[in-house]
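Engineer: how would this look folded up:
(one chain, ligands or ions: 1)
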Amino acid sequence: MKYSFLAHGKVIIIGEHSVVYGYDALAMPIKALHIKTTVEDSDQMWMDTARYHGPFFDAPDEYNGLKYVVKAMREKAKNTQPLKITYTGEIPMERGFGSSATVALGTTKALNQFFNLNLTEKEIMAVTNHAEMINHGKASGLDAATVNSDYLVFFNKKMGPKMLKAKLGATLLIMDTGQLGNTKEAVTQVRSLLDKSEAAKNNMKRLGELADLTKQAWLKQDSLTVGKIFNEAQEILHSFNISTAKIDQLQKIALANGALGFKLSGGGLGGITITLCKNQEIANEIAAKCQDIISNSWIEEI
Ligand SMILES: C[C@@](O)(CCO)CC(=O)[O-]
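Structural biologist: Numbers count the residues shown, from 1 in each chain. Got it, this is the predicted structure:
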């Protein structure tokens, strides 16, 4: 028996970090980046990824979320038969693309089919989100919800995901700094700043408000306002010390070359940035100007 599930990546448009504290956020799936999880019978518990080939439960700690998923799903199925689980495809890891949520969701969904468990979407998301808690310490659920969605997701922890089919009518340039982000460390760092700074608390509240303002502007196809919001959000994320010199450099180049707005996306401390542009031509021009300092770039019509 063999089952596969293809899950895609995501970028956070607005609300990283503030979403952890219950505020709203907006994120979108990136269909061009995906990972296929394949589960099949085997004579031993085995994992195959681009970086690790070996006994499943001996995999390094970065795979602890997946180990949890497999244990939890086998318990639900009351089944301990050995399996080979293979991950193929490309989502750069630790960049803000939600790769950990993508493989956690893919594994949960593939095993749900393999064991014929018929879990509800809610039960599937509970397993995936728990894996994300193991991966990131304190996960809002936003990544898991967005890698499970075909549309833009408006999210907060209380109400969960709401799909938004609206288009802004602009171009999003995603640039990868090539620097590994570290969501767990960034979330911990922001938390300790909030514990000791009133100004940081106020900034967090404002960051939370910006998500709703983004949604309103998005629905009116007001990309100028969304761009301004990106810049304000980046200022706040910078004040949390989770930007990097390279991100700051990309911001300068983007804004000097016609971008409507720029911000980091995801946990920060490296990873990806998003630049809002009026059209593809401007996005291409900015990507070309940044090409020596980034590792990759993608363009999405939004
Ligand atoms: C930093 C954060 O807001 C986004 C990570 O992609 C953490 C989370 O939402 O769990």
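Engineer: give me the pLDDT for the residue nearest the centre of the chain.
Structural biologist: What sits nearest the mean C-alpha location of the chain, by CA atoms, centre = their mean, is residue 98, with 3.1 Å. Looking at residue 98, its pLDDT reads 92.
Engineer: next one: residue 210
Structural biologist: 98.
Engineer: can you give me the buried ones in the helix or strand containing it?
Structural biologist: Residue 210 is located in helix 198-219, with elements delineated by DSSP states H and E. Judged by neighbour count using 16 or more other CB atoms under 10 Å, the buried positions of helix 198-219 are 200, 203-204, 206-208, 210-215, 217-218. For every residue, glycine as well, the C-beta is placed using N, CA and C.
Engineer: and the protein, which of its residues are near the ligand?
Structural biologist: Residues of the chain lying near the ligand by CB under 6 Å from any ligand atom: 12, 16-17, 19-20, 96, 136, 139-140, 142-143, 183, 187, 266-267.
Engineer: and which of the residues you listed is nearest to residue 293?
Structural biologist: residue 96 (17.1 Å; CB to CB).
Engineer: hang on, residue 265 packs against residue 298?
Structural biologist: No - between residue 265 and residue 298 there is no contact under CB atoms under 8 Å: 11.6 Å.
Engineer: between the two, what contacts are shared?
Structural biologist: Both residue 265 and residue 298 are contacted by residue 174, under the criterion CB atoms under 8 Å, 6 or more residues apart in numbering.
Engineer: neighbour-wise, which of those two wins?
Structural biologist: The neighbour comparison of residue 265 against residue 298 (other CB atoms under 10 Å) goes to residue 265, with 28 against 19.
Engineer: can you say which of the residues of the chain next to the ligand are buried?
Structural biologist: Buried, going by 16+ other CB under 10 Å: 12, 16-17, 19-20, 96, 136, 139-140, 142-143, 183, 187, 266-267, out of these.
Engineer: so what touches stretch 97-105?
Structural biologist: The contact list for stretch 97-105 (CB under 8 Å, 6+ apart) reads 5, 7-11, 30, 33-35, 37, 65-66, 69, 87, 91-93, 124, 127-128, 131-132, 135-136, 143-144, 146-148, 266, 272.
Engineer: quick check: longest strand of the chain.
Structural biologist: strand 25-41 (DSSP state E).
Engineer: parallel or antiparallel, list what pairs with it.
Structural biologist: Using DSSP bridges, strand 25-41 pairs in its sheet with strand 2-14 (antiparallel), strand 83-89 (antiparallel), strand 152-156 (antiparallel).
Engineer: state the mean pLDDT of the shortest one.
Structural biologist: Averaged over strand 152-156, pLDDT sits at 96.
Engineer: centre of the chain to that strand, how far?
Structural biologist: Distance of strand 152-156 from the chain centroid (CA atoms, centre = their mean, to the nearest Å) equals 12 Å.
Engineer: relative to helix 198-219, how tilted is that strand?
Structural biologist: Relative orientation of strand 152-156 and helix 198-219, computed by axes from the mean of the first three to the mean of the last three CA atoms, to 10 degrees: 140 degrees.
Engineer: hmm, who's touching the helix or strand just after strand 152-156?
Structural biologist: Next in sequence after strand 152-156, counting helices and strands by DSSP H and E, comes strand 160-164. Residues external to strand 160-164 that are found in contact with it (CB under 8 Å, 6+ apart): 26, 141, 145-146, 148-155, 215, 218-219.
Engineer: quick one: strand 160-164 to chain centroid distance?
Structural biologist: Worked out by CA atoms, centre = their mean, strand 160-164 lies 15 Å from the chain centre.
Engineer: next, give phi and psi for residue 100.
Structural biologist: Dihedral angles of residue 100 (phi, psi; degrees, to the nearest 10) stand at phi -70, psi -40.
Engineer: out of the contacts of strand 160-164, which is most surrounded?
Structural biologist: Ranked by neighbours (other CB under 10 Å), those are led by residue 146, which has 28 neighbours.
Engineer: that one in helix, strand or coil?
Structural biologist: Put simply, residue 146 is helix when judged by DSSP: H, G, I helix; E, B strand; the rest coil.
Engineer: give the contact list for it.
Structural biologist: Contacts for residue 146 (CB under 8 Å, 6+ apart) come out as 10, 12, 27-29, 98, 101, 153, 155, 161.
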